[in-house]
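Novice: Sequence and computational prediction follow.
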Amino acid sequence: MGLSQSTVADLVDSYLRALSSGDVPAVLSLFAPDGMVHSPLYGELPAHEFYPVLFSDTARSVLTLRRTLQNIDAGEPTVAFWFDFAWTLADGTPAPFTVIDVAELDPDGRITRLHIVYDTHPIRAAWENQRLTVDGAPTPPE
């Protein structure tokens with residue numbers, strides 16, 4: 001099943017807008033109920049667990065879409081979007097990176113699996129430093 005270009009564009013636009021604003025209900029509305037996120041920093045989590053944690057680690061994010069790609073084979077609908085993520089951690093540390101998110105979709109166009117792909121090396125130390133203490137207590141590395 002293929003999705004129209006406008007459907008794909010709406011999905012990507014809605015996702016990036018929700019991600020930029022830290023809007024948990026808006027981002028989760030784009031996922032199937034059992035949707036999963038595969039993140040190089042946070043691991044594999046259900047979407048309903050991933051986004052609250054990500055947004056609590058975020059003071060600000062500015063997203064700039066570079067390109068959207070869609071599969072053209074007869075397989076399950078898949079969309080990849082490449083964007084710049086100007087991420088500012090909750091402690092104020094800038095942690096920008098370029099990322100490709102690959103979204104596997106159900107027949108209704110909802111995300112079933114989101115694979116986040118980027119090099120964590122440039123930002124990992126800042127992210128780990130921020131997560132060393134949460135609510136005054138040490139947190140184990142993930």
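Specialist: Done, it's in. Note that the coordinates shown come from a computational prediction; the quantities given were computed from them, not determined experimentally.

Novice: all contacts plus neighbour counts: C-alpha atoms, from now on.
Specialist: Will do.

Novice: quick one: what helix or strand has the spatially closest residue to Ser21 that is not a sequence neighbour in it?
Specialist: Among residues not flanking Ser21 along the chain, Ser61 sits closest, at 7.6 Å (Cα to Cα, 6 or more residues apart in numbering). Per DSSP states H and E, Ser61 falls inside strand 58-70.

Novice: Whichever helix or strand comes after that strand - contacts with which helices or strands?
Specialist: Counting by DSSP H and E, the next helix or strand C-terminal to strand 58-70 is strand 78-89. Helices and strands touching strand 78-89, by 3 or more Cα pairs under 8 Å, 6 or more residues apart in numbering; DSSP states H and E, are strand 58-70, strand 97-105.

Novice: Point out the most buried one among those.
Specialist: strand 97-105 (a mean of 20; mean count of other Cα atoms under 10 Å).

Novice: Provide the angle between the direction of that strand and the direction of strand 58-70.
Specialist: On the basis of axes from the mean of the first three to the mean of the last three Cα atoms, to 10 degrees, strand 97-105 is oriented at 60 degrees to strand 58-70.
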